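Asks: The following block contains a protein sequence and its predicted model.
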Amino acid sequence: MIRISANLGFLFTDSPLPDAIRRAGETGFAAVECHWPYQYDPDAIIEALTETGLPMIGLNTVRGDVAAGDMGLSALPERRHEARAAIDQAIDYADRIGCRNVHVMAGRAQGPEARAAFVENLRYAADRAAEHEVGILVEPLNQRDAPGYLVPDIKTALALVEEADRPSVKVMYDCYHMQIMGGDLLHTVRNTLSRIGHIQFASVPDRAEPDQGEVNYEWLLPAIAALGYEGYFGAEYKPVTGSFRWLDALLKPDGG
């Protein structure tokens, strides 16, 4: 069975987040996820989730100073205090609204000190989140879109997860990023499934509706589910046509 989550960081962004949740439910999504919901009163999010019956799958730690190029703080040794504050904020918000995962954003950084800082912060996040049964996710971001990001590929992500050595720390496997950084998606998922906490998808190379581009998701997502993946597939794409025909295709009986 294919279950699709709407990533509200990109979808229904012309509506406030609570209304975007409602629109996702009306469209036929089985769950929602978001990027940075912190401007919204958690009670308004809870109300929309309760009304629709949709679970919130994940949210991100804040990026930092976006105007200065920040894409996360947890791999920046000199900003440890800010990184921990961002982790606490995300976990507290996730716990309040019943969100299942927090993506800890590493940031643009390289070298052993950056790696050590990120691992230390992943352990901190996992230990802090364990009180609330919230999972911690590490996402590789492709170097075309996020040059200099500490985690560029699945190999790096898996090594960091292993080094963090916490059962709740897993990989967020975004097919869009991973196709750009090497492809061979089904084989890679098969070999790393036990360490994957969430899967996302979008068209490649345009990151638009997933029924175009070089990846056949109508084939791939059921194939991943057949491997034993029981989670949601997060639709994290930037709408171009505004059509949800792709969703109908994935949810049809003979498509999974």
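Replies: Cool, got the structure. Numbers count the residues shown, from 1 in each chain.
Asks: State the three-state secondary structure for residue 32.
Replies: strand (DSSP: H, G, I helix; E, B strand; the rest coil).
Asks: in the sheet, who's paired with it?
Replies: According to DSSP bridges, the partner residues bridging residue 32 are residue 6, residue 56.
Asks: just the strands in the stretch 1-150 of the chain please.
Replies: Assignment of strands within the stretch 1-150 of the chain using DSSP state E, counting those that start in this stretch yields the ranges 4-7, 31-33, 58-60, 101-103, 135-138.
Asks: Switch those over to JSON lines; also include distance to residue 75, mean pLDDT and mean neighbour count.
Replies: Heads up, the C-betas are built off the backbone N, CA and C, glycines and all. Converted to JSON lines, the strands of the stretch 1-150 of the chain look like this (distance: least, Cβ to Cβ, whole Å; pLDDT from 0 to 100; neighbours: other Cβ atoms under 10 Å):
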{"stretch": "strand 4-7", "distance to residue 75": "23", "mean pLDDT": "98", "mean neighbour count": "25"}
{"stretch": "strand 31-33", "distance to residue 75": "22", "mean pLDDT": "98", "mean neighbour count": "28"}
{"stretch": "strand 58-60", "distance to residue 75": "14", "mean pLDDT": "98", "mean neighbour count": "25"}
{"stretch": "strand 101-103", "distance to residue 75": "14", "mean pLDDT": "98", "mean neighbour count": "24"}
{"stretch": "strand 135-138", "distance to residue 75": "11", "mean pLDDT": "98", "mean neighbour count": "27"}
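Asks: any chance of those strands in JSON lines, with distance to residue 158 too?
Replies: Supplementary listing: the strands of the stretch 1-150 of the chain in JSON lines, determined by distance: least, Cβ to Cβ, whole Å:
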{"stretch": "strand 4-7", "distance to residue 158": "23"}
{"stretch": "strand 31-33", "distance to residue 158": "22"}
{"stretch": "strand 58-60", "distance to residue 158": "19"}
{"stretch": "strand 101-103", "distance to residue 158": "16"}
{"stretch": "strand 135-138", "distance to residue 158": "9"}
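Asks: of these, which approaches residue 204 most closely?
Replies: Ranking the strands of the stretch 1-150 of the chain by their distance to residue 204 (criterion: Cβ to Cβ) puts strand 4-7 first, at 16.0 Å.
Asks: And for residue 95, the neighbour number?
Replies: Using other Cβ atoms under 10 Å, residue 95 has 17 other residues around it.
Asks: So it is in contact with residue 130, correct?
Replies: No. Contact between residue 95 and residue 130 fails when scored by Cβ atoms under 8 Å: they sit 11.3 Å apart.
Asks: overlap in contacts of those two?
Replies: Overlap between the neighbourhoods of residue 95 and residue 130 is empty, taking contacts as Cβ atoms under 8 Å, 6 or more residues apart in numbering.
Asks: coming back round to it: who wins for proximity to residue 24 among the strands of the stretch 1-150 of the chain?
Replies: Relative to residue 24, the nearest member of the strands of the stretch 1-150 of the chain by Cβ to Cβ is strand 4-7, separated by 4.0 Å.
Asks: With only the CA atoms kept, save that closest one in CSV.
Replies: The C-alpha atoms that make up strand 4-7 are tabulated as CSV, following Å, rounded to 0.1, in the frame of the first residue of the first chain:
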residue,chain,number,x,y,z
ILE,A,4,1.7,9.8,0.4
SER,A,5,2.5,12.7,2.6
ALA,A,6,2.2,16.3,1.5
ASN,A,7,5.3,18.4,2.2
